[in-house]
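# The sequence isn't on hand, but the structure is:
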């Protein structure tokens, strides 16, 4: 059996027989809303803010599970979608940041990162659930973002009221959502927003071959933290740039070669002792040599896209550490540089990253 065939078998068993059943049973409340965390005994942690971004990510996860043939995912995704639509929209077309265990709004702030995942979840709901509310809601949400959050120096405010430093990450995820919509129900407004994000990447975020994270109001690297880069985001951008190319979006000069270059740089500078570290400077010197699960999954997905056989090794290392929990189907999200972790629970938000990587693997031909 090849390394990739063995990895597919391991991933399929973990995803369909352990993780998804556990999170569908213990990660959902009686109303169909998703919990933020499960402790390491597999029990839901209550009393936490339930972020709209997590509700949206879990809707995507269970839609994608259904698309991959795990039939119970459809009902879980539909219930989560119904509850998010009932509890989280604002009157102005944007969406709130968080609700509580009872579904009451506890934070009305519109946040671009949250909104990107709402749009991403709606694309999955349109594609898999064929829910006729999804596309009108997506168009209304994007219209409100363009109307209320457009920033004078390009892109969109990361939140209202605006705050500093400005960040590339919400814009990256808005691009992800627009690519998801273009793949399932193309519309000129989705394409326009995607090109705006691509233009920002080329003109502002990508500096000397590295994606910068933090900026001033007019998109100059922030004096205090603008030197920080994250190799996991190199991988995420590399994958998105390749998807934009596949979708036929004109990424403009420089971006057509940037995707593979970002992946190669992430591997050369960010991969330490077999894992992708959290932060480094633009020269590749580690700033935070610990690691997060999401960066490993982004590295796996992008390696598969570029035909990098090292993906199988990283999958094996991830199973041996992050996914090696006493209760199967959970994960340790973060480790320090010395290999220790102080995590007390598994955050639901990580399942989105696992699903994006593992669905890529399960559809991979090699």
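That came in fine, so what should we check first? Remember, it's a predicted structure, so these values are computed and weren't measured experimentally.
# which SSE is residue 224 in?
Following DSSP states H and E, there is no helix or strand that holds residue 224.
# Which pLDDT value goes with it?
As predicted, residue 224 sits at a pLDDT of 97.
# and if you look at residue 364?
You'll see residue 364 listed with a pLDDT of 81.
# Backbone dihedrals for it, please?
Residue 364 adopts backbone torsions of phi -80, psi 140, taken as degrees, to the nearest 10.
# Contacts only, for it.
For residue 364, the contact set (Cβ atoms under 8 Å, 6 or more residues apart in numbering) comprises 4, 8, 304. From N, CA and C alone the C-beta is placed, and that goes for glycine too.
# how close does it sit to residue 44?
Distance, residue 364 to residue 44, by Cβ to Cβ, to the nearest Å: 33 Å.
# Of the contacts of residue 364 - the most surrounded one?
residue 304 (22 neighbours; other Cβ atoms under 10 Å).
# ok, residue 252 touching residue 200?
No: counting by Cβ atoms under 8 Å, residue 252 stays clear of residue 200, with 10.9 Å between them.
# between these two, who's got more neighbours?
residue 200 (22 against 13).
# Now the more buried one: closest residue in space, sequence neighbours ignored.
Nearest non-adjacent residue to residue 200, counting by Cβ to Cβ, 6 or more residues apart in numbering: residue 155, 5.1 Å away.
# Surely that neighbour is in contact with residue 203?
No: if you go by Cβ under 8 Å, residue 155 and residue 203 don't touch, sitting 10.2 Å apart.
# Overlap in contacts, these two.
What both residue 155 and residue 203 touch, as defined by Cβ under 8 Å, 6+ apart, is the set residue 219.
# In terms of packing, which of the two has more residues around it?
Neighbour count, other Cβ under 10 Å: between residue 155 and residue 203, residue 155 has more, with 24 against 12.
# For that one, give me phi and psi.
Per degrees, to the nearest 10, the backbone of residue 155 is at phi 80, psi -150.
# dump the residue contacts of it.
For residue 155, counting by Cβ under 8 Å, 6+ apart, the contacting residues are 166, 171, 196, 197, 200, 204, 219.
# contacting residues for the residue nearest to the first one when sequence neighbours are not counted?
Okay, so that is residue 166. Nearest residue to residue 166 in three dimensions, chain neighbours excluded: residue 215, at 4.2 Å (Cβ to Cβ, 6+ apart). Contact analysis of residue 215 by Cβ under 8 Å, 6+ apart lists 165, 166, 167, 168, 204, 221, 222, 226.
# would you list the residues you listed in JSON lines and tack on distance to residue 309?
Listed next are the contacts of residue 215 as JSON lines, based on distance: Cβ to Cβ, whole Å:
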{"residue": "165", "distance to residue 309": "38"}
{"residue": "166", "distance to residue 309": "38"}
{"residue": "167", "distance to residue 309": "33"}
{"residue": "168", "distance to residue 309": "30"}
{"residue": "204", "distance to residue 309": "34"}
{"residue": "221", "distance to residue 309": "35"}
{"residue": "222", "distance to residue 309": "37"}
{"residue": "226", "distance to residue 309": "35"}
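# Secondary structure and neighbour count added to these, as JSON lines?
JSON lines is the format used below for those (DSSP: H, G, I helix; E, B strand; the rest coil; neighbours: other Cβ atoms under 10 Å):
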{"residue": "165", "secondary structure": "coil", "neighbour count": "16"}
{"residue": "166", "secondary structure": "strand", "neighbour count": "25"}
{"residue": "167", "secondary structure": "strand", "neighbour count": "20"}
{"residue": "168", "secondary structure": "coil", "neighbour count": "24"}
{"residue": "204", "secondary structure": "helix", "neighbour count": "20"}
{"residue": "221", "secondary structure": "strand", "neighbour count": "19"}
{"residue": "222", "secondary structure": "coil", "neighbour count": "18"}
{"residue": "226", "secondary structure": "coil", "neighbour count": "17"}
